[in-house]
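Novice: Predicted coordinates and the sequence they were generated for:
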Amino acid sequence: GNKNINAKLVLLGDVGAGKSSLVLRFVKGQFIEFQESTIGAAFFSQTLAVNDATVKFEIWDTAGQERYHSLAPMYYRGAAAAIIVYDITNQASFERAKKWVQELQAQGNPNMVMALAGNKADLLDAKKVEAEASTLVLLLEAQAYAQEHGLFFMETSAKTAANVNEVFYEIAKRLPRV
Ligand code: GTP
Ligand code: MG
């Protein structure tokens with residue numbers, strides 16, 4: 001029969017990586033060009049039907065600014081899932097994402113379903129070949145990193161909506177069916 005699953009989900013990642021934008025896209029189908037930096041954290045919920053289950057995501061959109069780092073455990077503690085977000089055009093944001101993965105693997109729920117989202121995929125422009133080479137290298141690195149650390153990787157765009165619902169869908173499919 002049908003199962004109802006409540007799943008706490010946390011988004012973590014560098015300032016400006018696009019955490020709030022991904023949530024806004026997923027929950028409200030909107031995108032804001034000048035999204036304000038999150039203060040503390042913000043809460044949202046959204047329900048998804050997947051196969052035999054209805055998953056209600058309770059979403060904590062955390063603030064990427066370093067001064068809020070100490071709050072993060074409140075949001076990832078007990079979380080069933082995490083989306084670690086980086087900006088595909090920003091190497092430093094990928095380095096920050098790796099730190100989050102380390103922290104979650106050390107302190108988080110060991111059964112947590114984790115996704116690595118390479119966001120702002122719309123910024124990959126085939127016409128600017130040279131500028132994009134480093135971005136492509138970073139994408140390959142992110143894919144390899146995700147595979148090595150047991151996350152699944154997706155390129156997303158909150159702007160175009162590419163792969164946004166899919167990330168949440170993949171997570172929903174991977175949640176343990178109690
Ligand atoms: P903090 O709350 O400061 O941690 O940042 P955040 O990770 O929530 O980033 P936010 O969603 O606020 O996005 C930062 C900026 O990037 C905003 O101006 C967004 O419009 C822009 N942005 C977010 N996602 C995308 C995307 O997929 N493509 C493009 N081109 N811009 C994006
Ligand atoms: Mg934000």
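Specialist: Now that the structure is in, tell me what you want to look at. Ligands and ions are numbered 1, 2, ... in the order given.

Novice: When you work out contacts or count neighbours from here on, use the C-alpha atoms and nothing else.
Specialist: Fine.

Novice: show me the contacts for the residue most central in space within the chain.
Specialist: Centroid-nearest residue in the chain, with CA atoms, centre = their mean: I83, separated by 2.8 Å. Contacts of I83 were listed using CA atoms under 8 Å, 6 or more residues apart in numbering, and they are 9-12, 114-117.

Novice: For ligand 2, see how far away it is.
Specialist: With distances taken as CA to the ion, to the nearest Å, I83 is found 13 Å from ligand 2.

Novice: in what helix or strand does that residue lie?
Specialist: Assigned by DSSP states H and E, I83 belongs to strand 81-87.

Novice: Please name the strands paired to that strand in the sheet, noting orientation.
Specialist: Strand pairing for strand 81-87, using DSSP bridges, gives strand 3-13 (parallel), strand 113-119 (parallel).

Novice: Check the offset of the helix or strand immediately after that strand in the chain from the chain's centre.
Specialist: Scanning forward in sequence from strand 81-87 by DSSP H and E, the next helix or strand is helix 91-107. The chain centroid and the centroid of helix 91-107 are separated by 12 Å under CA atoms, centre = their mean, to the nearest Å.

Novice: Would you tell me which residues of the protein are close to ligand 1?
Specialist: 14-21, 32-38, 63-65, 119-120, 122-123, 157-159 (CA under 6 Å from any ligand atom).

Novice: Also near ligand 2: which of these, exactly?
Specialist: Restricting those to those touching ligand 2 (CA under 5 Å from the ion) yields 20, 37-38.

Novice: if I read this right, V113 contacts R174, doesn't it?
Specialist: Yes - here V113 reaches R174: they are 6.8 Å apart, a contact under CA atoms under 8 Å.

Novice: Between the two, which is the more surrounded one?
Specialist: Counting neighbours by other CA atoms under 10 Å for V113 and for R174 shows that V113 has the greater number, 22 against 13.

Novice: list the contacts for the more buried one?
Specialist: Applying CA under 8 Å, 6+ apart, the residues contacting V113 are 80-82, 151, 171, 174-175.

Novice: Just list what the one helix or strand in the chain whose mean pLDDT sits lowest packs against, helices and strands only.
Specialist: Ranked by mean pLDDT, DSSP states H and E, the helix or strand of the chain with the weakest confidence is helix 129-148, at a mean of 89. Packing partners of helix 129-148 (3 or more CA pairs under 8 Å, 6 or more residues apart in numbering; DSSP states H and E): strand 113-119, strand 152-155.

Novice: swap the cut-off to 7 Å and go again
Specialist: Under the contact definition 3 or more CA pairs under 7 Å, 6 or more residues apart in numbering; DSSP states H and E, helix 129-148 sits against strand 152-155.

Novice: Could you list the paired strands of the strand it packs on along with their orientation?
Specialist: Under the criterion DSSP bridges, the sheet neighbours of strand 152-155 are strand 113-119 (parallel).
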